[in-house]
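Colleague: need coordinates for the below:
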Amino acid sequence: MKSVNYFLIAAMVFSLTAFASADVIVKQQTSSDMMGMMKINVDGTEYIKGDKSCNMSKMKMGGGMAGMMGDAGGTDVYEITRVDMGVKWNLDSRTKAYTETNLSAIKDMMGGDKSYEQGGPGMGMGDEAEYDWTVEVTSSDDEVDINGFKCKNLTGKATGVGVKNPDEKMQLTFEYWYAVDVPGKDELTSYYKSMASATGTEMMTNQKGAEAFYGMYGDQFGEMFKKLDESGGYPIKTVILVEGNQDKGGMGGGNANLDDENIPAGMKDMLSGMMGKKDDQGGLKTMFSVTNEVTSIEETAIDDSQFEIPEGYSKGQ
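Modeller: Predicted structure coming up:
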């Protein structure tokens, strides 16, 4: 079984959250699930002023992995990013300590990790490159109201059949609801560019994060992302779904006996997710999913102090 890059998954989940610029406040919710092994829910607020941002979020991890680690509670995420200074501060509100990371270090790290690029390895879900793909991209001009935004939809679906084993199937779905009339849209775009320049990657944006993720399975969605670029819209809701029927290397949970008292509860939850019920259509089961939804965007004056380390905090190790 291929190793699963959980750091990359977590980073990708955060990359799918939307970032803004100038005096803008963005509120959003993100949820992800990897076969029950790891579930992440993020409820966040992003404060932006020019090339400065402050992210205050609540992240909750669930699933078997969280149970095994004994950490099924919530974690407060408090980050201040100063593109103008080339630094990011991670603050711990409990200990009143903060750590500092140079954005150039992130640039070096991302430059050395090619696993998110097109044609790179997947997430341990089988030999993704060894599939014959059929791709369908559909769009609709009908407007749907999502949290007060008038959104249009673009959906891409790629169905893969195993080259060596035709019984093996994968299905990748990307649903994208975008709005053109969005407060602070120009500022959002400006911030994307400043972050991309400072970190050497565009994974900080919703669309680019999705491109990077699907790039691990090849370039099947090239047509769709081209249409996204041409839409001129801002993502309000995105859904990523990876389905498959691979049971290789224990990815399907094998024949584990979940009634065995010697198996820890957390491990049972994890195995239960991996052995989850298959979809009635095509025998597919969800291997990975992530949904991001912007609940509100507000243009308002934000005090500069929001982007400074609060009084009483000291630099940690």
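Colleague: what residues does stretch 81-99 touch?
Modeller: With contact meaning CB atoms under 8 Å, 6 or more residues apart in numbering, stretch 81-99 is reached by 50-55, 76, 78-80, 100-104, 106, 194-195, 198, 307, 309-310, 312-317. The C-beta positions use only the backbone N, C-alpha and C, and glycine is treated the same way.
Colleague: just the buried members of those?
Modeller: Buried subset of the contacts of stretch 81-99 (neighbour count, 16 or more other CB atoms under 10 Å): 50-55, 78-80, 103, 106, 194-195, 198, 307, 313.
Colleague: hmm, which two among those residues are most spread apart?
Modeller: S194 and Y313 (25.0 Å; CB to CB).
Colleague: what about the helix or strand containing S31, average pLDDT?
Modeller: Using DSSP states H and E, S31 sits in strand 24-34. The pLDDT scores in strand 24-34 average 92.
Colleague: pLDDT score for the closest residue to V161 other than its chain neighbours?
Modeller: Distances taken as CB to CB, 6 or more residues apart in numbering place D132 nearest to V161, at 5.1 Å, with adjacent residues excluded. Predicted confidence (pLDDT) for D132: 86.
Colleague: so, low pLDDT: which residues of this protein?
Modeller: 1-22, 63-73, 110-129, 201-218, 220, 246-282, 317 (pLDDT under 70).
Colleague: what is the burial count for T134?
Modeller: Residues lying near T134 (other CB atoms under 10 Å) number 12.
Colleague: can you pull the phi/psi pair for it?
Modeller: Main-chain dihedrals, T134, degrees, to the nearest 10: phi -120, psi 120.
Colleague: could you pull out the strands for this protein?
Modeller: Counting by DSSP state E, residue ranges of the strands within the chain are 24-34, 38-49, 52-62, 74-82, 87-92, 97-102, 131-146, 149-162, 169-179, 234-244, 285-299, 314-315.
Colleague: same for the second one, what does it pack against?
Modeller: Put plainly, it is strand 38-49. When contacts are defined as 3 or more CB pairs under 8 Å, 6 or more residues apart in numbering; DSSP states H and E, strand 38-49 packs onto helix 6-15, strand 24-34, strand 52-62, helix 63-69.
Colleague: if you set the cut-off to 10 Å instead, what comes out?
Modeller: helix 6-15, strand 24-34, strand 52-62, helix 63-69, strand 74-82, helix 185-199, helix 265-274, strand 285-299 (3 or more CB pairs under 10 Å, 6 or more residues apart in numbering; DSSP states H and E).
Colleague: sheet partners, orientation included, of the strand holding S31?
Modeller: strand 38-49 (antiparallel), strand 285-299 (antiparallel) (DSSP bridges).
Colleague: could you check the angle strand 234-244 makes with the longest one?
Modeller: Strand 285-299 and strand 234-244 are oriented at 170 degrees to each other (axes from the mean of the first three to the mean of the last three CA atoms, to 10 degrees).
Colleague: buried sites along stretch 189-198?
Modeller: Buried positions in stretch 189-198, judged by neighbour count with 16+ other CB under 10 Å: S190, Y191, Y192, S194, M195, A198.
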